[in-house]
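[1] Dropping a prediction and its sequence here:
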Amino acid sequence: MPSSPLRVAVVCMSNVNRSMEAHRVLSKNGFHVRSFGAGSHVRLPGGAHRPRVLYDFSTSYKKMHSDLSSKDQKRYKRNGVLHILKRNERIKPGPERFQECPDPFDVIFTCGQRAYNRVVADLCARDQETWQPVPVVNVDIDDTLEAASLGASIICELCQGLQQADDTQSHLAELLQAAKEKTGRSFLHTVCFY
């Protein structure tokens with residue numbers, strides 16, 4: 001069993017819903033976790049017939065909440081965005097971009113194919129300094145509150161299995177196969193290097 005807690009990264013596109021719900025669940029279960037977005041901006045739903053609302057990754061969750069509340073509190077309360085931003089404020093100050101984080105992780109989970117592609121491309125483009133392998137696993141999660149909760153549970157179960165493994169790399173394939181049998185989902189994955 002690894003002597004120190006597993007260092008986990010969870011990445012969606014905007015670091016608002018899916019990665020933050022996984023961050024909350026993993027933290028609650030004792031994992032050393034950081035969450036990120038892989039997009040160029042934080043994108044929030046604008047509502048019916050309205051364009052998405054874009055924020056810089058440097059914008060705090062509190063500022064987003066305040067801004068959306070002043071624009072149309074009823075709409076953003078009804079669609080759950082204000083609730084999500086309040087939850088996020090309790091976890092960390094604001095969203096972070098994966099591409100700007102130099103820290104190594106033991107495993108990286110992405111919450112969708114687009115985030116997976118960007119994370120893998122970013123890791124492959126970095127200068128490999130230590131040649132430390134890092135598995136990147138995609139858990140496809142729809143961007144809804146319910147799907148984020150289910151996806152966070154799946155990621156947590158995988159982390160618990162990896163935490164108990166003597167060798168993360170060799171045990172990962174077994175864990176993903178067991179998760180596939182349990183959930184009916186396939187998990188795209190690869191190994192990149194730092």
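    Alright, I've got the coordinates.
[2] Show me what the lengthiest helix in the chain packs onto, helices and strands only.
    For the chain, the helix that runs over the most residues, judged by DSSP state H, is helix 145-164. Packing partners of helix 145-164 (3 or more C-beta pairs under 8 Å, 6 or more residues apart in numbering; DSSP states H and E): helix 18-28, strand 107-110, helix 168-183. (Each C-beta comes from the backbone N, C-alpha and C, glycine too.)
[3] between these, which gets the lowest average pLDDT?
    Sorting the helices and strands packed on helix 145-164 by mean pLDDT places helix 168-183 lowest, at a mean of 91.
[4] angle of the lowest-mean-pLDDT helix or strand in the chain against helix 145-164?
    None of the helices or strands of the chain scores lower by mean pLDDT, DSSP states H and E than helix 168-183, at a mean of 91. Interaxial angle, helix 168-183 versus helix 145-164 (axes from the mean of the first three to the mean of the last three C-alpha atoms, to 10 degrees): 140 degrees.
[5] In terms of residue numbering, what are the domains of the chain?
    Structural domains assigned to the chain are 7-39+97-193, 42-91, following the TED database.
[6] about what we covered before: which other residues reach the least confident helix or strand of the chain?
    2, 6, 106-107, 133, 135, 137, 154, 157-158, 161-162, 165, 185-187, 189, 191 (C-beta atoms under 8 Å, 6 or more residues apart in numbering).
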